[in-house]
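A.B. asks: Sequence and computational prediction follow.
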Amino acid sequence: MKTKIIVVIGVLFVLLVSLVIISARRNQDFFSTFCESIGYNAIIGVQSGDIYDVLARDLFDCKEVREFLETESLILSLLNGDIDIALVGSGYAKQIQNSNIYTNLEYIDVPKDIFIRDAARVFHTEELRDKYNEWLKINISNGNLEKINERWRMKGLPEQKDIPTFHFNGNNGVLVVCDAGNYPPEIYLDANNNPAGLNVEIISLFAQFLGMVPEYFLIPYEDIIDAVKSGKADMSSCTIAITEERQKELILGEPSIFTQAVAIVKKM
């Protein structure tokens, strides 16, 4: 009887491994077909400061990578024929699709077993990082982080009256955070010229957890790491794509965003 059970388990394991291999091969075949149809000699546009320039060079073996500070400029460049592919995270791709502004675009997911990005916030001190990780763990386990992501990523930007508001006691001082300020739905300036968005809601809840008042200053995305490292900011409001090099030199929190890459092209 034991021998039969062991044999059955062995057969099931082999079948499972085979299915995983077949799925991976299908994804690889899809990726190869897509690359061939677009052409490896493509010009690919990515957002400045993100990790997709690495994906463009390493996996697409592209002709050129061009960086754009804003998603709108990236998409307009694609529509104008200045670039062949816009490579973005799935969150941004979803926002572009939901806007219903650009109807002549096609969205092609890069298979997750080929590439997936994780990102985290940057901290000036390990002590603050550890408190954030504690808060993050609580809000992942109770489902609150998932609700925040769904609210900002799966729908259009809310009307001014529907933007969450927060109250802070400030007993433990000020939490200085930096962000770029021009990446909706992560962060943008609302009708009252105040920071709003997914990042702002997360930082506001974290500040409440600390008993602090969040204070923002907005700077170019490429200057955020230096601002936090130098102590001008306690932490970044936005997330930074995690790379092996950054893990060595930065104080990173636990990853809070896992993003699939999406290649956007004009419909043929």
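C.D. replies: Perfect, I can see it now.
A.B. asks: separation between H167 and D226?
C.D. replies: Going from H167 to D226 by Cβ to Cβ, to the nearest Å gives 32 Å. Placement of C-beta: from N, CA and C, glycine included.
A.B. asks: Then I44?
C.D. replies: Counting by Cβ to Cβ - I44 and D226 are separated by 26 Å.
A.B. asks: which residues in the stretch 1-150 of the chain form helices?
C.D. replies: With helices called from DSSP state H, counting those that start in this stretch, the stretch 1-150 of the chain shows them at 2-38, 52-58, 71-79, 90-99, 126-141, 144-153.
A.B. asks: ok so, going back, comparing H167 and D226, which shows the higher neighbour count?
C.D. replies: Counted by other Cβ atoms under 10 Å, H167 and D226 do not tie: D226 has more neighbours, with 12 against 8.
A.B. asks: State the helix or strand in which that one lies.
C.D. replies: Assessed by DSSP states H and E, D226 sits inside helix 224-230.
A.B. asks: I'd assumed V265 was in contact with N104.
C.D. replies: No. N104 lies out of contact with V265 (Cβ atoms under 8 Å); the separation is 10.1 Å.
A.B. asks: In terms of packing, which of the two has more residues around it?
C.D. replies: Between N104 and V265, counted using other Cβ under 10 Å, the more crowded position is V265 (18 against 8).
A.B. asks: Just to be sure, that one is in a helix?
C.D. replies: No. Residue state for V265 (DSSP: H, G, I helix; E, B strand; the rest coil) corresponds to strand; a helix is not indicated.
A.B. asks: hey, what's it bridged with?
C.D. replies: Counting by DSSP bridges, V265 is bridged to E106.
A.B. asks: Residues contacting stretch 65-74, please?
C.D. replies: With Cβ atoms under 8 Å, 6 or more residues apart in numbering as the test, stretch 65-74 has contacts from 43-49, 53, 56-57, 77, 82-83, 86, 88, 92, 95-96, 182-183, 220-221.
A.B. asks: Put the alpha carbons of that stretch into PDB.
C.D. replies: This file holds the C-alpha atoms of stretch 65-74, laid out as PDB (Å, rounded to 0.1, in the frame of the first residue of the first chain):
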ATOM      1  CA  VAL A  65      16.200  52.800 -25.300                       C
ATOM      2  CA  ARG A  66      14.700  56.300 -24.800                       C
ATOM      3  CA  GLU A  67      13.600  57.500 -21.300                       C
ATOM      4  CA  PHE A  68      10.600  59.700 -20.700                       C
ATOM      5  CA  LEU A  69       9.700  61.500 -17.500                       C
ATOM      6  CA  GLU A  70       5.900  61.300 -18.000                       C
ATOM      7  CA  THR A  71       3.700  58.500 -19.200                       C
ATOM      8  CA  GLU A  72       1.800  60.900 -21.500                       C
ATOM      9  CA  SER A  73       5.000  61.900 -23.300                       C
ATOM     10  CA  LEU A  74       5.900  58.200 -23.700                       C
END
